[in-house]
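*Asks:* Sequence below, structure please.
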Amino acid sequence: MTYLLDANVLITAKRDHYRFATFPCYWDYVLQRAGDGTLCSVDPVRQELIEKQDDLSQWVTDSCPDTMFETPDGATGVALTKLGIWTMAPERPYSQAARAEFLGVADSVLVAHALAHEHTVVTHEKPAPQAIHKIKIPDACRALGVRCIDPYRLLEEIGARF
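*Replies:* Residues are numbered from 1 along each chain as shown. Purely as a prediction, here's the structure:
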């Protein structure tokens, strides 16, 4: 099984739980599991992380193998169309700004790539199906039948031990 990481998984780990200086074993483990194909993300997430120009962006640039960030392909494009149709459906409660934002950021590519390649999405986001001003990854995943879990469930499922 392959798990696609949302940017917030790495950002929160770096900032709150697994700081580079204190938990290098966590970051080594992420790289190890990226190397065996268990953990990855999509190229737009890489771009989002690099734009921050901090120690995490440096880690992404210097340490992550290219294979950790998959390039969206034709199947992802087809899935993006399905996701766009769901997002823009008039019966959805979302504002036009929320729809445009979701379809314009890495989140939509992450969900579509997971749909296209039967991956599991990993995010800290919580569902908010009644939200109007923000489309949450878990809600989009649920609507399209994509499995979505939090990072702690991920660590349990892959048998991480630190």
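*Asks:* tell me the contacts of residue 80?
*Replies:* 72, 108, 109, 112 (CB atoms under 8 Å, 6 or more residues apart in numbering). Bear in mind the C-beta positions are built from the backbone N, C-alpha and C, glycine included.
*Asks:* now, the most widely separated pair of the residues you listed?
*Replies:* Maximum pairwise distance among the contacts of residue 80 (CB to CB): 10.2 Å, between 72 and 108.
*Asks:* For the two, work out which one has more neighbours and name it.
*Replies:* Shown here are residue 72 and residue 108; by other CB atoms under 10 Å, residue 108 has more neighbours (21 against 17).
*Asks:* In terms of pLDDT, where does that one sit?
*Replies:* Here, the pLDDT recorded for residue 108 equals 98.
*Asks:* before we move on, what about the one 5 residues further on?
*Replies:* The pLDDT attached to residue 113 in the predicted structure is 98.
*Asks:* repeat for residue 5
*Replies:* Residue-level pLDDT assigned to residue 5 equals 98.
*Asks:* Quick check: phi and psi at it.
*Replies:* phi -90, psi 130 (degrees, to the nearest 10).
*Asks:* please renumber so the chain begins at 54
*Replies:* All right, first residue 54 from here; so that's residue 58.
*Asks:* what's the domain layout of this protein?
*Replies:* Using automatic domain parsing, the domain parsing of the chain gives 56-122+204-210, 127-202.
*Asks:* Now do the end-to-end distance for the shortest one.
*Replies:* Think domain 56-122+204-210. One end of domain 56-122+204-210 sits 10 Å from the other (CA to CA, to the nearest Å).
*Asks:* Relative to the whole chain's centre, how far out is it?
*Replies:* 10 Å (CA atoms, centre = their mean, to the nearest Å).
*Asks:* pLDDT weak spots in the protein?
*Replies:* For the chain, no stretch has pLDDT under 70.
*Asks:* I'd like the next helix or strand past the longest helix along it.
*Replies:* Identified as the longest helix of the chain according to DSSP state H is helix 127-141. With elements assigned by DSSP states H and E, the helix or strand that comes after helix 127-141 is helix 149-157.
*Asks:* Run the chain-centre distance for the following helix or strand past that following helix.
*Replies:* For helix 149-157, the following helix or strand on the C-terminal side (DSSP H and E) is helix 159-170. Mean-position distance between helix 159-170 and its chain equals 8 Å (CA atoms, centre = their mean).
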